[in-house]
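>>> I'll drop the sequence and a predicted model, then ask my questions.
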Amino acid sequence: MLAQTRTFLQQLRKCEQAVRRMAAVNADSVTVIRTAMTVPLPLLHGEAAAGEIGGQGFQGQRMAAAVADASHKKEAEVLAPLTRWQDVLTRLSARFKGVGVLRLEVDSRRRTVLQLSQRVDAMRAQLSSGAGDAKQKAALEQRIQRLQRKEGKLQIAAQSYADQEQVLHRDLATLISDARWLKHYMAAALRLQGTALLMAADAFGSLPQPSPPASRVLASPSPPPAVADLSEEGSPLTPAPYTTAARLPGTGGSWEDTHG
């Protein structure tokens, strides 16, 4: 389970970095736009002042506040939970190593108990055959007492290992279950940024319908009077008809004839 959790961790960190980059790009973009809106408009000939690009209804502080609020909520509602999840995984990984060390200790104690048990059995077999003396009997008693102490320590270590492994498995299962919430945090991050951008757009105030841009006027099929005299005999200002059958300049065919 821990190996799969580490694989998930890699994706979580990528998502975390993406959220930070997205917020940083949006904040930088809003700052650039906010600054641009405070720049004076270009003046027409004979005009004394044209005002700023953003106009009187522009609220730069409102735009900045929208980004700042989104940044605060991003940290508290999205990044903080992701950081806590990673912190818990770090602690569980450390505990996993500790449990592994304890398991090695249990295995070592089992081998020691097995070796002592075999020696005790051999000494008992020797004494039962009548080949032993009082000194050997005393040595057997000492060996039995040592075996009992080792068995007691083995039992304590084995119980500690079993308890810690059970708790670790439970906590790791809980952490894995919490991983499903990542998609909710990512959705929240996108909503926060979207809301911030909409609020920043509202900082422009009421936006009246503008006049057609100059580029659209020049591309209009019906040129304005100021340029009507230029629209003769294939003038560059004369737009091509908006149809797929328009003839290509200098050819006798059409777009359909040329490109099939």
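Yes, it's here.
>>> CA-only coordinates of stretch 191-207 in CSV, if you can.
Output in CSV follows, covering the C-alpha atoms of stretch 191-207 (Å, rounded to 0.1, in the frame of the first residue of the first chain):
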residue,chain,number,x,y,z
ARG,A,191,-13.5,27.6,-9.0
LEU,A,192,-11.5,30.0,-6.9
GLN,A,193,-9.5,31.2,-9.8
GLY,A,194,-12.5,31.5,-12.0
THR,A,195,-14.4,33.5,-9.4
ALA,A,196,-11.4,35.8,-8.9
LEU,A,197,-11.1,36.5,-12.6
LEU,A,198,-14.9,37.3,-12.9
MET,A,199,-14.6,39.6,-9.9
ALA,A,200,-11.6,41.3,-11.5
ALA,A,201,-13.6,41.7,-14.7
ASP,A,202,-16.4,43.4,-12.7
ALA,A,203,-13.9,46.0,-11.5
PHE,A,204,-14.2,47.6,-15.0
GLY,A,205,-17.7,48.7,-14.0
SER,A,206,-20.4,49.3,-16.6
LEU,A,207,-19.1,48.8,-20.1
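>>> Rounded mean pLDDT for that stretch, please.
For stretch 191-207, mean pLDDT is 92.
>>> can you list contacts of it?
Residues lying outside stretch 191-207 but in contact with it, judged by C-beta atoms under 8 Å, 6 or more residues apart in numbering, are 22-23, 26, 30, 33, 37, 54-55, 57-60, 62-63, 66-67, 69-70, 73-74, 77-78. Yep, even glycine has a C-beta here, placed from its N, CA and C like the rest.
>>> what do you get if the cut-off is 7 Å, keeping everything else the same?
Residues lying outside stretch 191-207 but in contact with it, judged by C-beta atoms under 7 Å, 6 or more residues apart in numbering, are 22-23, 26, 30, 54, 57-60, 62-63, 66-67, 70, 73-74.
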